[in-house]
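J.: no sequence on this one, just coordinates:
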């Protein structure tokens, strides 16, 4: 390296005398291409929104922001539950920190066939990996799954059908063995009045609307169903689940939430 650049001042490494430690410093909302594990195809290319933080002791003025991106560059070919711990360890070591935090949100795509005609289309699910490392690793897998619900009360009292709406179920899971995103998504999709599809022909639409009508579901029913399903997955050690129905005849959403109680 040219001596002119080798001797540049390291301002971030200078001392700070205010004696105020910072819990998190780093980079936020960096859009980055990553490769994640796909149960059917092995790997899937996607684009993530990533937050990376470390703690900053009181004696340091700042952290070296470029090192976060350097670490991403090293692991971008495979960012998943298997490499997550290595990324956090690299952050702690390279930034001389006691704590490291990593949040990765990304769209995940699964090919689904419509229920009658078998028309194929890609469904998008909002997924994520959130975690921290101090003296141990704490990691959560996140999935956001769209569903359809039909109101049981509306079906019971109305002479002409029942109101229905699209909703979203969000789950956070901790696990002690590798688990596929697809397995979590499948649990959720089975618990709504109907699954959501990207492509429906007329025979599919008839089937989906009639199936949903035959399986009415309050938002409370939805959360309890997902709770039961997640509890049966042996890889999961803890979870939280919430559901929000974007009501079609109300100016508000219906909401329910539950946390796993062992």
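T.: Nice, thanks for sending it over. Not measured: the values here are computed from a predicted model.

J.: could you pull up phi and psi at the closest residue to residue 173 other than its chain neighbours?
T.: Nearest in space to residue 173, with sequence neighbours left out and distances taken as Cβ to Cβ, 6 or more residues apart in numbering, is residue 239 at 4.4 Å. All C-beta atoms are positioned from the backbone trio N, CA, C, and that covers glycine. Dihedral angles of residue 239 (phi, psi; degrees, to the nearest 10) stand at phi -160, psi 160.

J.: just give the closest residue to residue 110, not the sequence neighbours.
T.: Distances taken as Cβ to Cβ, 6+ apart place residue 123 nearest to residue 110, at 5.3 Å, with adjacent residues excluded.

J.: quick check: which element contains the one you found?
T.: Residue 123 is part of strand 120-133 when elements are defined by DSSP states H and E.

J.: list the buried residues for that strand?
T.: Counting neighbours by 16 or more other Cβ atoms under 10 Å, one finds that the buried residues in strand 120-133 are 123, 125, 127, 128, 129, 130, 131, 132, 133.

J.: looking at it, the third one is touching residue 109, isn't it?
T.: The reference is to residue 127. No - when contacts are counted by Cβ atoms under 8 Å, residue 127 is not listed as touching residue 109 (10.0 Å).

J.: which residues touch residue 234?
T.: The contact partners of residue 234, taken as Cβ atoms under 8 Å, 6 or more residues apart in numbering, are residue 177.

J.: do you know how far it is from residue 177?
T.: Distance, residue 234 to residue 177, by Cβ to Cβ, to the nearest Å: 8 Å.

J.: contacting residues for the closest residue to residue 155 other than its chain neighbours?
T.: Distances taken as Cβ to Cβ, 6+ apart place residue 162 nearest to residue 155, at 3.6 Å, with adjacent residues excluded. Contact analysis of residue 162 by Cβ under 8 Å, 6+ apart lists 150, 151, 154, 155, 213, 216.
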